[in-house]
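J.: Okay, sequence plus prediction incoming.
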Amino acid sequence: MNSLIKLELTRALRNRKFLFFSVIYPSVIFLLVANQTGDVRGTGLSVAKYVMVSMASFGALTAVLMGNSERIAKERENGWVRQLRLTTLPGRGYVLAKTAGAAVVSLPSIVVVFLVAAAVKDVRLDAWQWLALTGAIWAGSLVFAALGVAIGYIASGDTVRPITMITYFGLSILGGLWFPSTTFPQWLQDIAKWLPTHAYAALGQAIEQSRAPHTEDVAILVVFFLLFAGGAAWLYRKDTLKA
């Protein structure tokens, strides 16, 4: 499994287009949006602080979801996954390797957004908050890495991109990563609060507010991770039986 993780990291770091969209793109959006002054309604956070967490989360989501789903669908078509089945690697090991490999690649996207926010927008936090934010957003990205693996097994090489894009933009927008969910109509806020992306961003916002995350947000992320990882492992085994 360790060898597979190293391989995944090497392949991702060689993909310059992937690195641009997962590392540079979120920072560019942050600079464009964070020019507004005042606080975000209902959060007590400045626009710069709120958008910083949102774009760090968005960058991590991009790295783990977009990278995993398309790569796995292509691997299934070119026979790479079939070769892995000849090894002793179990389904859970495959899912964990893909998830862990993608999560490591997501770290640069988080750190770059933080550096840009501190250097350009003068965002200031305590040292423990920077460390806690990095750890929380990085760990939370595992949820979407597992989702990427599941999508890679649901979709074919021709359909994986549109399915991933719909999922990607839907979760990002409805979860409040692009626009504060407090600006949504009440009925849409009621839906958004149950989405993993909403709980994901809420972890970082809680740390910025110097408080513990809500138990409900942590529980939502744990449940979705188990659901996505379990589904991905089941799809891997199912695909193995079909081969």
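T.: That came through fine.

J.: in which helix or strand would I find the residue nearest to the spatial centre of the chain?
T.: What sits nearest the mean C-alpha location of the chain, by Cα atoms, centre = their mean, is Leu61, with 2.3 Å. Element membership of Leu61, judged by DSSP states H and E, is helix 47-61.

J.: How about Val116?
T.: Mapping Val116 onto the secondary structure by DSSP H and E places it in helix 91-120.

J.: got any ranges where the protein has weak pLDDT?
T.: The model of the chain has pLDDT under 70 over residues 1-21, 78-95, 98-101, 239-243.

J.: Could you give the number of residues near Asp122?
T.: In terms of burial, Asp122 registers 8 neighbours under the definition other Cβ atoms under 10 Å. Where you see a C-beta, it was placed from the backbone N, CA and C, and this is true even at glycine.

J.: and it, that's in a helix?
T.: No - with DSSP: H, G, I helix; E, B strand; the rest coil as the criterion, Asp122 is assigned coil and is not in a helix.

J.: how near is it to Thr43?
T.: Using Cβ to Cβ, to the nearest Å, Asp122 is found at 19 Å from Thr43.

J.: do Ser156 as well
T.: For Ser156, the distance to Thr43 under the criterion Cβ to Cβ works out to 41 Å.

J.: now swap in Ser172 and tell me
T.: Look at Ser172 and Thr43: by Cβ to Cβ, they are 18 Å apart.

J.: Please identify which of these two sits among more neighbours.
T.: In this view Ser172 and Thr43 are compared by other Cβ under 10 Å, and Ser172 has more residues nearby, 21 against 17.

J.: how about the helices in the chain?
T.: Taking DSSP state H to define them, one finds helices in the chain at 2-14, 16-19, 25-33, 47-61, 67-78, 80-85, 91-120, 127-154, 160-174, 186-192, 196-208, 215-242.

J.: Please identify the most buried of the ones you listed.
T.: By mean neighbour count, with neighbours taken as mean count of other Cβ atoms under 10 Å, helix 47-61 ranks first of the helices of the chain at a mean of 27.

J.: Which elements pack onto that one?
T.: For helix 47-61, the helices and strands in contact under the criterion 3 or more Cβ pairs under 8 Å, 6 or more residues apart in numbering; DSSP states H and E are helix 25-33, helix 91-120, helix 127-154, helix 160-174, helix 196-208.

J.: what would these look like in JSON lines with distance to Trp234?
T.: Rendered in JSON lines, the data for the helices and strands packed on helix 47-61 read as follows (distance: least, Cβ to Cβ, whole Å):
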{"stretch": "helix 25-33", "distance to Trp234": "32"}
{"stretch": "helix 91-120", "distance to Trp234": "8"}
{"stretch": "helix 127-154", "distance to Trp234": "9"}
{"stretch": "helix 160-174", "distance to Trp234": "18"}
{"stretch": "helix 196-208", "distance to Trp234": "19"}
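
J.: These: which one's closest to Phe228?
T.: Between Phe228 and the helices and strands packed on helix 47-61, the shortest separation by Cβ to Cβ is 3.8 Å, and it involves helix 127-154.
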